[in-house]
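# Sequence plus the predicted model coming up.
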Amino acid sequence: MTTQEAINVYSSQLLLSNMHHPYKMVQSMLPFLCSLNLTITCGTTIYRAYNKNDIPMIMFVIFVYFGSILLDYWSNLYHKLSLPDQYSSKGRNIKIGIWVLLSSIMLGFACEFSTFMSFNESLCIFGIMIIGNSLVFYVYFVWEGCKSCCSKGCSIHYSCCIGKNAQYNEYESLLGVKSLDIV
């Protein structure tokens, strides 16, 4: 790398690290804009449901609004935990809370939308909800637990771990290929 290329790379990195850069400003405003959008959308939906005297819809929208805020808070809280804390009882409790909250929001959507669909369409919606809940459960508890076992180097033999020096390849597991790199 020449000196000029190094100066160009360094100046572009310096520019990206500056908070006044347009991309950084947009990225820092994104959570605020999402929350504002959620609030306005829920507020207008509640107003329209109130004018039509649709009390179940008002309760559902309020539940989804506060559930989304709580889900965002728990998700941020979980990702701020250090790696050992994510596998402790505190991290496990947060993951259980996230899974229960996601499951209840998905069940609420399935119940709300099944009221104006045929029986077969309702069964399909509930099937999608059950598959989605099972997938979230698998990712948060089975796949994440298996990954933590191998990253910690446990002595308990799981299906994805062979020993203390096994490293779990997460990309191969997504493709359905089970392989371990023994170091």
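Happy to help now that I have it. Residues are numbered from 1 along each chain as shown.
# Count the neighbours of M29 for me.
11 (other C-beta atoms under 10 Å). In short, each C-beta sits where N, CA and C put it, glycine included.
# repeat for I98
Counted with other C-beta under 10 Å, I98 comes out at 18.
# quick one: the strands in this structure?
With strands called from DSSP state E, the chain shows them at 166-168, 180-182.
# Quick check: the nearest residue to L70 once chain neighbours are set aside vs N51, distance?
Leaving aside its chain neighbours, L70 sits nearest to L101 (6.3 Å; criterion: C-beta to C-beta, 6 or more residues apart in numbering). Going from L101 to N51 by C-beta to C-beta, to the nearest Å gives 29 Å.
# which one of the two has more residues nearby?
Per other C-beta under 10 Å, whichever of L101 and N51 has more neighbours is L101, with 17 against 8.
# where in this structure is pLDDT low?
The chain contains residues with pLDDT under 70 at 1-27, 145-183.
# Give the buried residues for the longest helix seen in it.
Taking DSSP state H as the criterion, the chain has its longest helix at helix 22-51. Using 16 or more other C-beta atoms under 10 Å as the test for burial, helix 22-51 gives C42, T45, I46, A49.
# shouldn't the last one be in contact with I62?
Put plainly, it is A49. No. Assessed by C-beta atoms under 8 Å, A49 is found out of contact with I62, at 10.1 Å.
# coming back round to it: in TSV, list the buried residues of helix 22-51 along with distance to G127.
What follows is the buried residues of helix 22-51, written out as TSV (distance: C-beta to C-beta, whole Å):
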residue	distance to G127
C42	27
T45	26
I46	30
A49	27
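# counting contacts, what elements does the longest helix of the chain pack onto?
helix 55-80 (3 or more C-beta pairs under 8 Å, 6 or more residues apart in numbering; DSSP states H and E).
# Which elements pack onto the helix it packs on?
Applying 3+ C-beta pairs under 8 Å, 6+ apart, we find helix 55-80 packed against helix 22-51, helix 89-114.
# got the angle for the first one vs helix 55-80?
What that stands for is helix 22-51. 160 degrees (axes from the mean of the first three to the mean of the last three C-alpha atoms, to 10 degrees).
# so L101 touches W74, yeah?
Yes. Judged on C-beta under 8 Å, L101 makes contact with W74 at a distance of 7.1 Å.
# returning to what we had before: I130 is nearest to which of the helices and strands packed on helix 55-80?
helix 89-114 (8.8 Å; C-beta to C-beta).
# Give me the buried positions along that closest one.
Buried residues in helix 89-114, counting neighbours by 16+ other C-beta under 10 Å, are found at 91, 94-95, 98-99, 101-103, 105-106, 108, 110, 112, 114.
# Now N53: phi and psi?
The phi/psi pair for N53 (degrees, to the nearest 10) reads phi 60, psi 40.
# Can you report how many residues neighbour it?
Neighbours of N53 (other C-beta under 10 Å): 8.
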